[in-house]
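Engineer: Need the 3D shape of this:
(chains A and B)
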There are 2 protein chains.
Amino acid sequence: MIYPEEFAELIESFQEFPGVGEKSAERYVYTVDKLEEEKVQEFAHRLINFKKNIKRCSVCGHITNKDVCDICSNQNRDHSTICVVEDPRSVFMFEKTGNYKGVYHVLGGLISPVDDVNPDDINLYTLVNNRITEDVKEVILALNPSVEGETTSLYIQKLLEKQDVKISRLSYGIPVGADIEYLDPLTIIRAIDDRKILS
Amino acid sequence: MIYPEEFAELIESFQEFPGVGEKSAERYVYTVDKLEEEKVQEFAHRLINFKKNIKRCSVCGHITNKDVCDICSNQNRDHSTICVVEDPRSVFMFEKTGNYKGVYHVLGGLISPVDDVNPDDINLYTLVNNRITEDVKEVILALNPSVEGETTSLYIQKLLEKQDVKISRLSYGIPVGADIEYLDPLTIIRAIDDRKILS
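Structural biologist: Just a heads-up that it's a prediction; the model follows:
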C-alpha cells in the first residue's frame, strides 16, 4: 500500500464521479491537501446538506429544497402551459434562457423497453392524472430527438389524446450559429419538415 | 437564482478543483444527486478525515497519517541513500516503480526568486541540518529539469559541498518508448552529455 489510508479512500471516492480516473482523482486529492481546512469542511457539509435537503417537487418533479419548487409556486408563471422534460438539467437550461414563462413537468427518465424502463418507472402518471386540469391549455413535449425521447413523446400524446389540451413539441431544425454544410442529413430533413411559413 | 441554494453552493465547491469549470461542476452535482446517501456521507467523512489525519512526516516531509511516515520508519529501507524530491507526488511515482530502496526528502516546493520562494520557504534546512549524518552515503537530486529545479539542485549542492557525501542527480535522456526523431534538441543534448559508457 503506497498511499496512506485516508489518501487512498479519497481517491476511491473521487472516482465515483463521471470522467474521473485515477490520475484526476489523485490531482483532486492533492487539491484537498492544499485547500484550507475550513474550505474542505464547508465542502463536506455542503455534500451532506445537499443529500439532506434536496428532493423532488411534489407537483412537477423538479429538483428543489422545498415541498413545491419555486417555479410551481410562482403565481406569475403561466400555469396553463406545461413543458414536459426528461430531467432537471433541461429545466435549468430552459430557465437560463429566461424566455419560457410556463411551468414544467420533469419525467426523471424516458420510456425505454430495451433498458426495461416502463411508463410506470418515470414520473408520468402524475402529469396525466393530476396536472391536466381544464385550466391547462398546452403541453409542450421537450424531449431529446432520440428513440427513447420519441417513444415517450408518442406515449404521452396517446395518453392525452382524449383530453381537451393542445400538444406541441419543440421544433427540430438548424441550431443557431451552425453551418448548413456541416449538418447531418437527418437534421436537414427535419428542418425542411418543420419549416416555418414566412408569408 | 435558478438553482436551489444547496445546489449552487455545491457547484461552487466543486469549482475549487483544478480543471473543473461550471459545466463539469454541474455534472458532479447531478452525480451527487444520483449517488446513494451513504456514499455521499462516506465521501464527506473521508474529506474531513483526510484534513484531520493527513500531515507531513517529521523526518522527510512526505504525506503521512503518522508522525513518521512508513518509508522513514521502515528498517528494511536503505537509510544511507536520500532521494530529494519536490513534492509527495514524486515519492508516490518512485514508490510505484517498486525499484528504489532508499529513503526520501520532500522539499514541498522549489527555490524560485521570481515567485519569491526562498530557501527558507521550503523544507530544505532539515535535510542539511538533521539528516546528513555520517551514515548517509549518497544524496540523489530528483528535481524537475526546470529553472527552479536546477536552481534548487545547485543550491543543495553548495550546501552539502563540505560534507562527506556523494551527490548525484537523475540522468537526463531519452524517455523509454520515445522516438528520437520527435525529441526536442535539448533532450538530445542532455542525452549526449549524460551518455553511458558501455565498454
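Engineer: Do a quick rundown of the strands in chain A.
Structural biologist: A:55-56, A:63-64, A:78-85, A:102-106, A:138-141, A:166-169 (DSSP state E).
Engineer: what's next to the fourth one, contact-wise?
Structural biologist: For strand A:102-106, the external contacting residues (C-beta atoms under 8 Å, 6 or more residues apart in numbering or on different chains) are A:56-57, A:60-62, A:71-72, A:77-88, A:90-91, A:94, A:123, A:126-127, A:131, A:138, A:140. Every residue, glycine included, has its C-beta placed from N, CA and C.
Engineer: hmm, 7 Å instead?
Structural biologist: Strand A:102-106 is contacted by residues A:60-62, A:71-72, A:77-79, A:81-85, A:87-88, A:91, A:123, A:127, A:131 when judged by C-beta atoms under 7 Å, 6 or more residues apart in numbering or on different chains.
Engineer: Let's have the strands of chain A in CSV, adding mean neighbour count and mean pLDDT.
Structural biologist: Putting these into CSV (neighbours: other C-beta atoms under 10 Å in any protein chain shown; pLDDT from 0 to 100) gives the following:
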stretch, mean neighbour count, mean pLDDT
strand A:55-56, 16, 96
strand A:63-64, 24, 96
strand A:78-85, 20, 96
strand A:102-106, 24, 97
strand A:138-141, 20, 95
strand A:166-169, 14, 94
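Engineer: These: which one's closest to B:V32?
Structural biologist: strand A:63-64 (11.3 Å; C-beta to C-beta).
Engineer: Can you find the helix or strand of chain A with the lowest average pLDDT?
Structural biologist: helix A:185-193 (a mean of 87; mean pLDDT, DSSP states H and E).
Engineer: For it, list every residue counted as buried.
Structural biologist: The neighbour-count check on helix A:185-193 (16 or more other C-beta atoms under 10 Å in any protein chain shown) flags A:187, A:190-191 as buried.
Engineer: Mind putting the residues you listed into CSV with distance to A:V117?
Structural biologist: Supplementary listing: the buried residues of helix A:185-193 in CSV, determined by distance: C-beta to C-beta, whole Å:
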residue, distance to A:V117
A:T187, 26
A:R190, 25
A:A191, 30
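Engineer: which one among these gets closest to chain B?
Structural biologist: Checking the buried residues of helix A:185-193 against chain B by C-beta to the nearest C-beta gives A:T187 as the nearest, at 23.3 Å.
Engineer: how close does the residue nearest the centre of chain A get to chain B?
Structural biologist: Residue closest to the average C-alpha location in chain A (C-alpha atoms, centre = their mean): A:D87, at 2.3 Å. Relative to chain B, A:D87 is positioned 8 Å away (C-beta to the nearest C-beta, to the nearest Å).
Engineer: same deal with A:R169?
Structural biologist: From A:R169 to chain B the distance is 24 Å (C-beta to the nearest C-beta).
Engineer: and what of A:T97?
Structural biologist: Separation of A:T97 from chain B (C-beta to the nearest C-beta) stands at 10 Å.
Engineer: likewise A:E181?
Structural biologist: Distance from A:E181 to chain B, by C-beta to the nearest C-beta: 28 Å.
Engineer: Check A:I2 too.
Structural biologist: For A:I2, the distance to chain B equals 5 Å [C-beta to the nearest C-beta].
Engineer: again, but for A:I54
Structural biologist: Counting by C-beta to the nearest C-beta, the gap from A:I54 to chain B is 5 Å.
Engineer: quick one, what contacts that residue?
Structural biologist: Contact analysis of A:I54 by C-beta under 7 Å, 6+ apart lists A:63, A:65, B:4, B:6-7, B:33.
Engineer: let's see it at 10 Å
Structural biologist: Applying C-beta atoms under 10 Å, 6 or more residues apart in numbering or on different chains to A:I54 gives the contacts A:63-65, A:88, B:4-7, B:10, B:29, B:32-33.
Engineer: With A:R27 instead?
Structural biologist: A:11, A:14, A:20, B:17-19, B:89.
Engineer: quick revisit: which of the contacts of A:I54 are buried? Put it as a PyMOL command.
Structural biologist: Buried residues among the contacts of A:I54 (16+ other C-beta under 10 Å), as a PyMOL selection:
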select buried, (chain A and resi 63+64+65+88) or (chain B and resi 4+6+7+10+29+32+33)
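Engineer: which one among the contacts of A:I54 gets closest to B:D116?
Structural biologist: Closest to B:D116, out of all of these and judged by C-beta to C-beta, is B:L10, at 34.8 Å.
Engineer: isn't that closest one right next to A:I63, touching?
Structural biologist: No - contact status for B:L10 versus A:I63: not in contact, 11.6 Å apart, counting by C-beta atoms under 10 Å.
Engineer: Find residues that contact each of those two.
Structural biologist: When contacts are counted by C-beta under 10 Å, 6+ apart, B:L10 and A:I63 have A:54, B:3-4, B:29, B:33 as shared neighbours.
Engineer: Pull the most distant pair out of these.
Structural biologist: Farthest pair in those (C-beta to C-beta) is B:Y3 and B:D33. Separation: 11.7 Å.
Engineer: still on that earlier bit, just put the contacts of A:R27 in TSV and tack on distance to B:I48 and pLDDT.
Structural biologist: Output for those, formatted as TSV (distance: C-beta to C-beta, whole Å; pLDDT from 0 to 100):
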residue	distance to B:I48	pLDDT
A:I11	16	96
A:F14	15	97
A:V20	20	96
B:F17	17	97
B:P18	21	95
B:G19	24	95
B:R89	23	92
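Engineer: Which of those fall in helices?
Structural biologist: Residues of the contacts of A:R27 located in helices (DSSP state H): A:11, A:14, B:89.
Engineer: Show me the domain layout of chain A.
Structural biologist: A:5-53, A:76-169 (automatic domain parsing).
Engineer: how long is the shortest one end to end?
Structural biologist: The one in question is domain A:5-53. One end of domain A:5-53 sits 30 Å from the other (C-alpha to C-alpha, to the nearest Å).
Engineer: Relative to chain B, how far out is the residue found closest to A:V147 once you drop the neighbours it is linked to in the chain?
Structural biologist: In space, and not counting its chain neighbours, A:V147 is closest to A:S112: 7.9 Å by C-beta to C-beta, 6 or more residues apart in numbering or on different chains. Per C-beta to the nearest C-beta, A:S112 is found 17 Å from chain B.
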